[in-house]
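Visitor: prediction below, plus the sequence it came from.
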Amino acid sequence: MEVFLRFIADTSDTVIREVRIKGSASLLGLHEQIYATFGLEPGEMGSFYYSTADWDQGEELPMFSMDDSSPSMETMTVADFFSQTAHALYVYNFLDMNIFYVEKVKEDEEEGFEDFVVLNAVGELDKKPSKPSADAAPGMAKDPSQMTEAEINAMYGLDDLDGTKDPYADEDSFEDEEYY
């Protein structure tokens, strides 16, 4: 059996992937295919959530189970998950919150040769910088282990802990102004 799915990214731009995957594949395998298909950084956590047709979030299916009796993306197949619901939410990287609306389009009893195929792709996700750029805040482009003590102190505003620097040296003098 093969399952046909449509992933719609929750972004201001239109970003859609329509895919075909073998029903016997685990949701963890689907997770790995999806972040690769959308060009997301690998190695982040993700979860599938059961959903209603109105995209109301239901119960979470985590990547890994904390005990042997709970289902997880590792143990549940794509066919089993989508036999219980035609709609799901998929969240990748809980810090950046990449959210996708997932809809089962159809099932087919015939199986193709490939485990996973992208049938249609529309749009691209905005790339988030994975490493600080050279024009980031001073001192932030460097690895802290490679910074001098003065650079670290300046980065955190601790460059005058001994109190020798006049904190008002750069401000205009109050003596020249009249207040009413």
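Guide: Looks like it came in fine. Numbers count the residues shown, from 1 in each chain.

Visitor: now do the helices in the chain.
Guide: Along the chain, counting by DSSP state H, helices occupy 27-37, 78-84, 149-155.

Visitor: closest to Ala121 out of those?
Guide: Ala121 lies closest to helix 27-37 among these, at 7.8 Å (CB to CB). To be clear about C-beta, it is placed using only N, CA and C from the backbone, and glycine gets the same treatment.

Visitor: now for the lengthiest strand in the chain, which elements pack on it?
Guide: Scanning the chain for the longest strand, with DSSP state E as the assignment, gives strand 98-108. Under the contact criterion of 3 or more CB pairs under 8 Å, 6 or more residues apart in numbering; DSSP states H and E, strand 98-108 touches strand 2-9, strand 46-51, helix 78-84, strand 87-92.

Visitor: take the ones you listed and write them to TSV, including mean neighbour count.
Guide: Below are the helices and strands packed on strand 98-108 laid out as TSV (neighbours: other CB atoms under 10 Å):
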stretch	mean neighbour count
strand 2-9	20
strand 46-51	20
helix 78-84	18
strand 87-92	21
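
Visitor: can I get those in TSV including distance to Leu61 and mean pLDDT?
Guide: Below are the helices and strands packed on strand 98-108 laid out as TSV (distance: least, CB to CB, whole Å; pLDDT from 0 to 100):
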stretch	distance to Leu61	mean pLDDT
strand 2-9	15	92
strand 46-51	5	91
helix 78-84	7	93
strand 87-92	9	91
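
Visitor: now do the buried residues in the longest strand of the chain.
Guide: For strand 98-108, the neighbour count (16 or more other CB atoms under 10 Å) marks Asn98, Ile99, Phe100, Tyr101, Val102, Glu103, Lys104 as buried.

Visitor: correct me, but the fifth one touches Ala86?
Guide: The one in question is Val102. No: the criterion here is CB atoms under 8 Å, and Val102 misses it with Ala86 at 9.4 Å.

Visitor: in space, what's closest to the residue nearest to the spatial centre of the chain - neighbours in sequence excluded?
Guide: Centroid-nearest residue in the chain: Asn93, 3.1 Å away (criterion: CA atoms, centre = their mean). Of all residues not flanking Asn93 in the chain, Glu44 sits nearest, at 3.8 Å (CB to CB, 6 or more residues apart in numbering).

Visitor: compute the number of surrounding residues for the one you found.
Guide: 15 (other CB atoms under 10 Å).
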